[in-house]
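Visitor: coords below, sequence missing:
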C-alpha cells in the first residue's frame, strides 16, 4: 500500500527525499560535506520536474535525473561555495590567554620543521611566527607565544622582543 502510493506520487517522493537530505546535511553534518547538499538539491529538482510534467514519473527517470541534476548543480555552485570557505590562516588571533606566554623550547624549531611541546596537558605544535624574522630557534631558548590556532602555538624568541624594547641594544 505504501509502495503503491510512492509509485503513484514519485514527484512528491523525490521532493521529500530532497528535503530530508538537506535537513540532514544542515542539522546533523553542519554543512561539512557537499554530497547530501548537492544530492538533495538534485532530488528537489527531479521532484519539481516530475510534478510539472517535464519528466515521467518512473524510477529509472527519477534516479537518473537525481544523478544528472546533482552533477549539474555541483558544477554550477562549486566555485561560489568554494569562495565562501576561509582559506587563510589567521596568524593574528589576539583573543587567547596564551598569547604572551613564555616557554622554553625543548628542541630546535625551524620555519619548515616545527616541533611539539606539552603545555597544560596538551601536545601543541610549535611553529615560528611569520613576523619573527628568524629561520630557526635553538633548543633551550625562551620564546613567547605570538598567535594561537587550533593545536598550534606560533612563537617568537623573547630575545628579539627584548631587543626591540630595550634602548641602546
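Guide: Sure thing, it's come through. All of these numbers come straight from a predicted model, not from anything done at the bench. Residues are numbered from 1 along each chain as shown.
Visitor: now do the same contact list for residue 16.
Guide: By Cβ atoms under 8 Å, 6 or more residues apart in numbering, the contact set of residue 16 is residue 47. Every C-beta, even on glycine, is put in place using the N, C-alpha and C of the backbone.
Visitor: try 10 Å this time
Guide: Each residue near residue 16 by Cβ atoms under 10 Å, 6 or more residues apart in numbering is listed here: 6, 9, 43-44, 47.
Visitor: quick one: it is in a helix?
Guide: Yes: using DSSP: H, G, I helix; E, B strand; the rest coil, the secondary structure at residue 16 is a helix.
Visitor: and it, how close does it get to residue 4?
Guide: Relative to residue 4, residue 16 is positioned 16 Å away (Cβ to Cβ, to the nearest Å).
Visitor: same question for residue 97.
Guide: On the measure of Cβ to Cβ, residue 97 and residue 4 end up 64 Å apart.
Visitor: likewise for residue 116?
Guide: According to Cβ to Cβ, residue 116 and residue 4 sit 62 Å apart.
Visitor: rewinding a little: closest one of the contacts of residue 16 to residue 24?
Guide: Nearest to residue 24 out of the contacts of residue 16 is residue 43 (Cβ to Cβ; 11.9 Å).
Visitor: so how many other residues sit close to that closest one?
Guide: Using other Cβ atoms under 10 Å, residue 43 has 26 neighbouring residues.
Visitor: spatially, what comes nearest to it if we skip its sequence neighbours?
Guide: Using Cβ to Cβ, 6 or more residues apart in numbering and skipping residues adjacent in sequence, the residue nearest residue 43 is residue 18, 3.4 Å away.
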